[in-house]
Structure formats: C-alpha cells, structure tokens
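Undergrad: got a structure for you, letters missing:
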C-alpha cells in the first residue's frame with residue numbers, strides 16, 4: 001500500500017538540489033543590502049560547509065569573496081541561487097541563472113501577485129518559465145529556507161533558532177515562520193527544516209510537505225497556512241505521512257462562505273472553507289491547532305514520544321490542587337483518566353504516607369519534600385498499571401543551578417521513567433523557558449520534558465492521542481482514512497443529467513436508481529388525478545408543488561401536510577392557486593402526492609462543491625435545526641461507511657439516533673450505508689454539480705427514506 005501511494009505521489013521529488021544544496025549563489029549580493037548581509041552571515045553562523053558564491057554585475061569583492069558578474073561567470077556547477085535583485089531585474093537574473101544550468105532558485109523579491117493584476121501576470125509568466133525549464137522556484141516574496149540538519153541556510157533575516165531537531169516547519173508567511181521557530185527554540189524543540197513558501201508561484205506547501213514525508217531527519221511536520229493550494233497533493237502527502245507514522249500539525253487562518261451560487265441551499269450557508277479544511281484534517285489525520293503556542297506544544301510532545309492509541313491517562317504531582325486542575329482539564333479535553341487497578345492501589349499504599357490516597361491523578365503529598373524517591377516509587381507503580389496508556393508527571397524542571405531539591409526530583413523521575421514500558425512525559429505546571437541548565441538536566445536524565453505548562457501540555461496530549469487513533473486505524477484498515485477510492489462514473493442518460501435533474505421528484509428518482517431509499521410518490525396534473533393517487537396510500541398525505549423553478553416550496557404556499565385522501569383534490573387546487581399568485585411565471589409539472597412521514601429523526605445530508613477541495617459531504621440535523629444550531633460534520637467525497645459513522649458520532653445531537661427520551665433507535669450502520677450511496681450519487685453527477693441536498697433524510701427504527709431533494713448546477717449548466 002505504501003509503495004503504491006508513493007508511486008502516485010512524487011510531486012515533492014527532485015527538491016534535494018534546493019533543500020540540500022551544496023553549491024549556492026547569492027545573486028544581487030551587496031554589502032549595502034541588509035538582506036544580502038543577513039543571508040551571508042547566516043551561512044557562517046550555521047556552519048555551512050559547501051561552496052558559496054556571490055554575484056553582482058559590477059564584480060569586485062563582496063562579503064570578503066570575489067564576486068562573479070553573472071551565474072554563468074562562476075564557471076562551476078551551482079545547485080541553487082538566492083535572487084535578491086529588484087523586481088525589474090528578476091527576468092534578466094532568471095535568464096542568467098537558467099543559462100548557467102542552475103535548476104533551483106529562491107526569490108526574495110516582492111512585487112508580484114500581492115500587488116494586483118499586473119503583479120499576478122508577472123508572477124504567472126515567471127512560473128511558466130520555471131516549469132518550462134524544469135526549475136524549482138521557491139517564492140517570490142519569501143524569506144527562503146533553512147536546512148538545520150545539513151546546515152544550509154538560504155534565509156535572509158536573522159536565524160530564529162540554531163537548534164537542530166526532527167520537526168519541520170513549512171509556512172506561507174516568512175515572518176510568522178520566524179516567530180514559530182523562535183518559540184520552538186525557547187521551548188527546546190529543534191527543527192530539521194524551516195521553509196517559507198511566499199507567493200507559491202511554483203513550489204507550494206503541499207509539494208514541500210510531500211518531500212518531507214520521505215525525509216529521514218523529519219519525524220513531525222508543522223504547517224502554517226493562509227490558504228490551501230494543490231489540495232490533491234496535500235491530501236495524498238497527508239495519507240502517506242499517516243501511513244509511515246509522521247504527524248502533521250496545521251495552523252490555518254481565515255474563513256469565508258464557499259460560494260454565493262449555492263446559498264439558496266441550506267448546505268451552502270452552513271459550509272465555509274474553514275469548516276471544509278477542518279473536515280479534511282479530520283479525514284486525513286492532520287492535527288489542527290488554533291494557535292502558535294498549541295502548535296509548538298503539540299509538535300514538541302510528538303517529537304519526543306508517540307502515545308498509544310486509546311490509552312487512558314495517568315498523572316501525578318506533588319500538589320493536590322494541581323491534581324484537581326489536571327482532572328478538570330482532562331475531562332474538558334476528553335482525556336480519560338485511568339481507574340487504578342487494585343494491584344496498583346496496593347503498591348501505592350506500600351510507598352505513600354498514611355495520609356496519602358491512591359488515586360488518579362495521584363497527589364504524592366508533601367512527604368516527597370523529605371523523600372524525593374516518592375516520585376520514583378509512585379511512577380513505577382503507575383507505570384505497571386495495565387489501564388494506563390500514557391503517564392504524565394507534573395513538575396517544573398529547574399531553569400538555574402543551585403536548586404538541590406529540584407535536581408533530586410528530576411533525577412528520581414528520570415530513573416523511574418527509564419524503568420517502565422509505559423510512554424511517559426514530564427509536563428511543566430506553568431510555561432517555562434528551556435534554559436541551558438534545563439537542557440543539561442533533561443539530557444542527563446534522558447527525560448521527555450514538555451515545558452509548555454499544564455493547560456497546553458494536556459491539550460497536546462489529547463491531540464497526540466487523537467492522532468495515534470487515526471494512525472492505528474490506517475494501519476488496521478491497510479490504508480489511510482481517505483485513500484482515494486474508485487469514483488462512480490457519470491450515469492449515461494439522454495438528455496444529459498444537468499438537463500434531466502431539475503425538480504425535486506427527478507432528484508429523488510435519480511437517487512432511487514442509485515440505491516437510495518426514497519419516499520414513494522406520484523405527480524398529479526389535475527385534481528381528479530391527485531385524489532386517485534391519494535387513495536393508493538394508507539393514511540395522511542404530504543402534497544407539494546413540483547416545479548424546477550421553485551426551491552423553497554413552503555414560502556409560496558406550495559406545501560400541505562397531514563392531508564386526507566378525500567381532501568386531496570381540493571388541496572391540489574389550493575396549491576396551484578397559491579403558487580400561481582406568488583410565482584406566475586414558474587414552470588409547473590404538477591403536485592407531488594406522497595404518504596406523510598413523521599416520528600423519526602430528520603437529517604440534512606448535503607453535498608457542496610468547494611472550489612479547492614471538490615465535493616464535500618455535510619451531515620447534520622434536518623429541517624431548520626441544522627441551520628439554527630450549525631451542528632454539522634464534514635468530510636471530502638468519497639467516504640466510507642466507517643467515516644460516516646465517525647461523522648455521526650461528531651454531532652452534538654448524536655444521542656438522538658439512539659432512542660433519546662423515548663425516540664426511535666436508528667440503525668447507524670444502515671444509515672451510514674445510505675449516506676455513502678448519496679455521496680456516490682453526487683459524484684456520479686459529474687463536474688457541473690454545484691450542490692445536492694437531501695433535507696430531510698428521515699430515519700426511523702424501521703426504515704430510512706429521502707423525503708426531499710434539491711440539485712443546483714454550476715452557472716451555465718442549467719437550461
């Protein structure tokens with residue numbers, strides 16, 4: 001499976017020459033330029049041991065090196081060039097670089113797509129030239145990148161950190177990347193790569209991510225996104241990362257409505273690109289965070305250990321109050337605290353003072369001040385408990401010397417952690433800076449230490465355990481949660497589907513042909529026919545206008561409920577009269593006569609086309625409730641039944657499906673199968689589909705039926 005995914009990817013291949021360059025040209029080098037001076041200084045500070053060239057049309061000596069007047073004049077193979085020339089000189093510099101056989105470039109220069117129409121055109125021409133000549137182009141309008149492991153800094157401002165590690169950071173904002181990297185360094189988290197992608201004329205976050213999935217030095221990947229481009233590559237790279245056990249942590253800003261053209265469907269008003277991105281992250285196993293601090297804390301934890309999926313939490317501290325705070329925060333985060341086994345409680349009673357209580361979280365009491373070994377004894381007892389999947393010890397590691405008690409405690413914790421098989425992490429109680437003394441202590445005692453503070457530390461634990469579940473599900477299923485599935489082929493029909501599916505009944509009939517159960521109905525074209533159809537059904541009826549031009553039927557008097565068979569003819573005439581007064585020019589196919597359905601759970605199942613991700617499935621409560629409560633779960637199509645079951649679990653109203661307060665108990669497996677068929681039906685409608693909405697999909701204890709359907713087509717597709 002992994003080999004097949006790798007074969008399909010490859011979009012990040014060929015970036016070694018850029019990100020691992022051994023021969024570099026600084027084009028536009030000048031001692032009068034802060035950018036040039038900063039970039040040159042970084043090579044010395046990081047210890048670059050490759051070949052460095054400076055290029056300036058005037059020649060001379062720059063930064064202590066003899067300057068070539070062009071890349072061609074260097075006379076040696078150059079792997080990558082950093083272009084620091086004005087916008088008007090980019091084309092000439094790019095031509096020179098290309099003529100010299102330089103296949104990789106970083107463009108610092110701004111003044112492209114961010115400047116409007118002319119700038120976008122200029123950037124498009126540059127990107128086309130790069131593609132035509134097979135040049136990897138990072139930028140323009142970017143700060144560059146740093147390869148910390150091999151000490152390659154094509155970076156134009158001060159190094160935010162010099163600490164090498166196993167976490168890569170890819171950011172569309174260079175300044176934000178610098179802030180994140182600086183915080184990571186202060187928290188003791190080293191980086192493998194720091195990449196600023198800027199305007200992404202060629203290389204984008206997705207392609208760099210794809211490269212990093214295969215990078216042996218990188219074990220965790222962080223993304224800062226202002227927008228999402230190349231979602232196909234991003235999704236496939238995320239699948240491969242999950243398959244090989246590399247967590248991806250994403251911080252994305254911004255939200256907006258999908259498109260105005262689907263606003264008349266409820267789904268269009270409930271789904272925005274930020275919600276779609278959130279659903280995609282859940283589906284692809286990407287950890288989404290809401291702040292820089294949460295990103296660094298989560299990456300810092302996962303850089304140090306991999307938690308067990310579904311394991312309950314064990315915790316201990318020297319403070320009863322901190323134990324209570326831990327319990328409250330764990331509950332709020334959905335972290336399950338393990339119930340201590342009888343053997344664990346017995347072991348703790350043997351080592352704790354008589355006034356201590358064997359409980360989780362465990363307060364080891366102030367007795368530890370006189371006997372620091374209580375930390376080690378308690379950790380060993382908790383570490384042997386079969387119900388604990390991750391053990392957290394809450395203590396602030398000293399940041400300065402001359403803290404004898406603190407150093408004794410750290411030594412005891414280190415001894416105990418090394419003697420247990422349960423994954424364990426030391427969390428600071430309050431946010432701490434990782435000083436040289438702190439690093440020395442945790443290095444000496446081989447501790448996994450996260451100095452982000454209790455609140456962010458436990459949140460990082462919760463996110464990491466969620467990721468571990470996604471990883472194990474992918475391994476169990478033999479594929480990642482969103483591995484591409486064969487997409488249903490569009491249904492052959494004459495006339496074409498965009499012309500065929502216009503009215504509600506046409507939509508429901510199409511769904512029925514795709515295996516979706518729909519409410520039975522007839523379309524009456526006169527009062528006598530309505531009465532005849534009505535007597536074919538037992539019980540009360542629902543009658544609705546059938547028109548391709550009327551979306552919200554109740555707003556124009558086009559719906560009647562609880563109609564008796566004997567009243568069907570009269571109601572038919574009322575509906576036609578009311579609709580004619582509101583919509584005199586609407587095309588009318590007749591009036592739909594169907595049996596009244598009630599006493600179930602009404603769901604909204606909508607599909608809307610997102611301009612970046614494609615068709616997106618939304619599930620929520622039907623009728624007005626989905627719009628009012630915005631209790632919606634989203635995934636990208638296609639979906640599997642297991643994914644739909646997860647979506648149903650995510651709804652705040654999920655208990656309604658289980659017979660809440662005497663309501664019907666719904667067969668979730670059957671419901672998931674029906675929703676999958678609806679999603680497949682939407683895919684079969686082809687690229688002109690803007691949205692498909694079933695509202696409601698009625699679920700009862702005995703059956704599931706689509707009661708109403710609406711299709712909207714892209715502009716120009718409808719006749």
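TA: Sure thing, it's come through. No experiment lies behind these values; they were computed from the predicted model shown. Numbers count the residues shown, from 1 in each chain.

Undergrad: chain neighbours aside, what residue packs nearest to the spatially most central residue of the chain?
TA: Closest to where the C-alpha atoms of the chain average out (CA atoms, centre = their mean) is residue 281, at 2.4 Å. With sequence-adjacent residues excluded and distances taken as CB to CB, 6 or more residues apart in numbering, residue 281 is closest to residue 288, at 4.4 Å. Glycine gets a C-beta too; all of them are placed from N, C-alpha and C.

Undergrad: before we move on, what about residue 185?
TA: residue 161 (2.9 Å).

Undergrad: please, which helix or strand holds the one you found?
TA: For residue 161, there is no helix or strand it lies in under DSSP states H and E.

Undergrad: residue contacts, it?
TA: Residue 161 is in contact with 181-182, 184-186, 190-191, counting by CB atoms under 8 Å, 6 or more residues apart in numbering.

Undergrad: same check on residue 672?
TA: By CB under 8 Å, 6+ apart, the residues touching residue 672 are 641-642, 644-645, 648.

Undergrad: so which of these are in strands?
TA: Among these, DSSP state E puts none in strands.

Undergrad: which of those are buried?
TA: 641, 644, 648 (16 or more other CB atoms under 10 Å).

Undergrad: mind checking how far the last one is from residue 605?
TA: Read that as residue 648. Noted for residue 648: a distance of 11 Å to residue 605, by CB to CB, to the nearest Å.

Undergrad: what about the residue sitting furthest away from the middle of the chain, which helix or strand?
TA: Centroid-distance maximum for the chain: residue 528 at 56.0 Å, with CA atoms, centre = their mean. Per DSSP H and E: residue 528 is located in helix 527-534.

Undergrad: mean confidence (pLDDT) on that helix, please.
TA: Mean per-residue pLDDT for helix 527-534: 96.

Undergrad: neighbours around residue 191, how many?
TA: Using other CB atoms under 10 Å, residue 191 has 29 neighbouring residues.

Undergrad: can you check the pLDDT for residue 490?
TA: pLDDT, residue 490: 46.

Undergrad: same thing with the one 5 residues further on?
TA: Model confidence at residue 495, expressed as pLDDT, equals 47.

Undergrad: do the one 4 residues further on as well
TA: We note a pLDDT of 52 for residue 499 in this prediction.

Undergrad: same check on residue 674?
TA: We have a pLDDT of 98 for residue 674.

Undergrad: same thing with residue 552?
TA: Looking at residue 552, the pLDDT reads 81.

Undergrad: ok, how many other residues are close to it?
TA: 12.

Undergrad: so how far is residue 98 from it?
TA: Distance of residue 552 to residue 98, given as CB to CB: 58 Å.

Undergrad: likewise residue 357?
TA: Noted for residue 357: a distance of 73 Å to residue 98, by CB to CB.

Undergrad: what about these two, which has more around it?
TA: Between residue 357 and residue 98, residue 98 has the larger neighbour count (other CB under 10 Å), namely 20 against 12.

Undergrad: residues touching the residue farthest from the centre of the chain, list them.
TA: Residues near residue 528 by CB under 8 Å, 6+ apart: residue 569.

Undergrad: so of the contacts of residue 672, which ones are in helices?
TA: 641-642, 644-645, 648 (DSSP state H).

Undergrad: quick one: the residue nearest to residue 281 is in a helix?
TA: No - counting by DSSP: H, G, I helix; E, B strand; the rest coil, residue 288 is not part of a helix but strand.

Undergrad: ok, it touching residue 250?
TA: Yes - judged on CB atoms under 8 Å, residue 288 makes contact with residue 250 at a distance of 5.3 Å.
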